[in-house]
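*Asks:* Dropping the sequence and predicted coords here.
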Number of protein chains: 2
Amino acid sequence: MKLKVYADRMSQPSRAVLIFCKVNGIDFEEIRIDIAKRHHLSPEFKEINPMRKLPAIVDGRFKLFESHAILIYLAHVFPGVPDHWYPADVFKRAKIHSVLDWHHSNLRRGAAAYVMNTVLAPALGLPLNPPAAAEAEKILSASLSMIESFWLKGSGRFLLGGNLPSIADLSLVCEITQLEVLDEEDRNRILGPHKKVGQWIEDTKKVTRPHFDEVHKVIFKAKERFQKQRSMGATNIETEPKLTLQSKM
Amino acid sequence: MKLKVYADRMSQPSRAVLIFCKVNGIDFEEIRIDIAKRHHLSPEFKEINPMRKLPAIVDGRFKLFESHAILIYLAHVFPGVPDHWYPADVFKRAKIHSVLDWHHSNLRRGAAAYVMNTVLAPALGLPLNPPAAAEAEKILSASLSMIESFWLKGSGRFLLGGNLPSIADLSLVCEITQLEVLDEEDRNRILGPHKKVGQWIEDTKKVTRPHFDEVHKVIFKAKERFQKQRSMGATNIETEPKLTLQSKM
């Protein structure tokens, strides 16, 4: 039975898992769970993932959720996956775990909360929250500085000094790519100072093309929608049809 | 050269790593980094962990931080560690990764923020924050419900239905044990409804004794101090000598 990947391409960890499968030629079926339509809250999906979060997989009788755990599992069980994605070397592997654990309380926390409190909240019928956005920007900027100065140090193009990407590169770059939906000025203020981060994002896109672009199409469409809303001015936003986008967090 | 573990026993992930080493007879040197004395911000410790967080290890020339990554690494490289702590079986291992990833944004997020906003804040010279505490309690209680109804389902005594503990049991139980410093009424309200969680905590303590109790001594001393402060009444707290405790988050 084919691997099933339950995903919504608006969710950054869903995108990481989809891209990983496509890049590595894993034969899978993508099952779209539309968060905007609250399909992740259905009783059927609760049977797949009781946490009601995306992504999740079903491989034969085996069910799994949490994107990092899924990426590691897929790298283990599909023999065609090259070693660089999740190296067998215990030291390299330990460093990848370290980046992925760090990601949860740093880059993910900052990026998801910033996007929610500057862009997504009105689409969810919630007020914007500038103090929460300011707090999230601090965490996000500190995380980007740490990627620039520490995780990307060394001569390699990828995290931990590698010349080929690991699951950590894919996971973190998909997280950062959600910033595309921000106002251009905000995005430039946050990402602009981090030149190495910018180059690393480009390098990660390059080695995962055309799948990276294809899976991210939905984000660029959302970016256009939000830009249009912004150009219509804040006073008109409430009269726009409400978008109900949610990230995983 | 002996493994070096940089830890502060007031930090819950530090305690998990120390207990793991002791239970498994790993020969190591504990290097106390006193967060209250801001030793984690020293230039010397920055060389060990640029994130300035605890715990961190140095094993020969290899440096590592993030407690889950450390636990996995130690289970890999010390041959005496029994398989149940981090099973070689790919399916069991994937489930352990899933629990540990879930932990970051759920149990840890709720527990650390609740303790900070109800107990630790005044000790750090910050005001208590009841709305933040209420929000954290929701996350914490939802996490405990999920442990009770999902992660502890099955016939085994431990997470994922096991009859022997894994690194996930140790990590999560150390997280929950920080709730000892709470006001008794708050603690009972939060933990009381989760009988299976209570039994699992006892079972995890039992299989890791005497090390669990020894490493947690500092928490029970802190509990006494906070109880004394509370019995002196809120108006007197500010005149008490300021404690400067910090959890990892």
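*Replies:* Noted; the coordinates are in hand. Residues are numbered from 1 along each chain as shown, chains lettered A, B, ... in the order given.
*Asks:* Quick one: the strands in chain A, in order.
*Replies:* A:3-7, A:28-32, A:56-59, A:62-65 (DSSP state E).
*Asks:* touching chain B at all, stretch A:93-113?
*Replies:* Yes - with C-beta under 8 Å from any C-beta of the partner chain as the criterion, chain B is reached by stretch A:93-113 at A:94, A:95, A:97, A:98, A:100, A:101, A:102, A:104, A:105, A:108, A:109. All C-beta atoms are positioned from the backbone trio N, CA, C, and that covers glycine.
*Asks:* same deal with stretch A:64-77?
*Replies:* Yes - shown here: stretch A:64-77 in contact with chain B (C-beta under 8 Å from any C-beta) through A:64, A:65, A:66, A:67, A:68, A:69, A:72, A:73, A:76, A:77.
*Asks:* Keeping just the C-alphas, turn the helix ranked longest in chain A into PDB.
*Replies:* When chain A is scanned for its longest helix (criterion: DSSP state H), the result is helix A:211-231. Provided in PDB are the C-alpha atoms of helix A:211-231 (Å, rounded to 0.1, in the frame of the first residue of the first chain):
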ATOM      1  CA  HIS A 211       9.500  20.500  -6.400                       C
ATOM      2  CA  PHE A 212      10.300  23.400  -4.000                       C
ATOM      3  CA  ASP A 213       8.600  26.000  -6.300                       C
ATOM      4  CA  GLU A 214       5.700  23.700  -7.200                       C
ATOM      5  CA  VAL A 215       4.800  23.000  -3.600                       C
ATOM      6  CA  HIS A 216       5.200  26.600  -2.700                       C
ATOM      7  CA  LYS A 217       2.900  27.900  -5.400                       C
ATOM      8  CA  VAL A 218       0.000  28.300  -2.900                       C
ATOM      9  CA  ILE A 219       2.200  30.600  -0.800                       C
ATOM     10  CA  PHE A 220       2.800  32.900  -3.700                       C
ATOM     11  CA  LYS A 221      -0.900  33.000  -4.500                       C
ATOM     12  CA  ALA A 222      -1.600  33.900  -0.800                       C
ATOM     13  CA  LYS A 223       1.100  36.600  -1.000                       C
ATOM     14  CA  GLU A 224      -0.700  38.200  -3.900                       C
ATOM     15  CA  ARG A 225      -4.100  38.100  -2.100                       C
ATOM     16  CA  PHE A 226      -2.600  39.700   1.000                       C
ATOM     17  CA  GLN A 227      -0.800  42.400  -1.100                       C
ATOM     18  CA  LYS A 228      -4.100  43.200  -2.800                       C
ATOM     19  CA  GLN A 229      -5.800  43.500   0.600                       C
ATOM     20  CA  ARG A 230      -3.100  45.800   1.900                       C
ATOM     21  CA  SER A 231      -3.200  48.000  -1.300                       C
END
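*Asks:* Who are the packing partners of it?
*Replies:* With contacts taken as 3 or more C-beta pairs under 8 Å, 6 or more residues apart in numbering or on different chains; DSSP states H and E, helix A:211-231 sits against helix A:12-23, helix A:195-208.
*Asks:* Does anything pack onto the shortest one? Which helices or strands?
*Replies:* Helices and strands touching helix A:12-23, by 3+ C-beta pairs under 8 Å, 6+ apart, are strand A:3-7, helix A:67-77, helix A:167-177, helix A:211-231.
*Asks:* avg pLDDT for the shortest one?
*Replies:* This predicted structure assigns strand A:3-7 an average pLDDT of 98.
*Asks:* Could you do stretch A:47-59 as well?
*Replies:* 96.
*Asks:* Also stretch A:14-26?
*Replies:* The average pLDDT for stretch A:14-26 rounds to 98.
*Asks:* buried ones in it?
*Replies:* Going by neighbour count (16 or more other C-beta atoms under 10 Å in any protein chain shown), the buried part of stretch A:14-26 is A:14, A:15, A:16, A:17, A:18, A:19, A:20, A:21, A:22, A:23, A:26.
*Asks:* Is it correct that the second one is in contact with residue A:213?
*Replies:* No - between residue A:15 and residue A:213 there is no contact, the gap being 11.2 Å when judged by C-beta atoms under 8 Å.
*Asks:* Next, the contact list for residue A:14, please.
*Replies:* Applying C-beta atoms under 8 Å, 6 or more residues apart in numbering or on different chains, one finds that residue A:14 lies in contact with A:7, A:8, A:54, A:55, A:67, A:248.
*Asks:* what does chain A put close to chain B?
*Replies:* Near chain B, when you scan chain A using C-beta under 8 Å from any C-beta, you find A:50-51, A:62, A:64-69, A:72-73, A:76-77, A:90-91, A:94-95, A:97-98, A:100-102, A:104-105, A:108-109, A:146, A:149-150, A:249.
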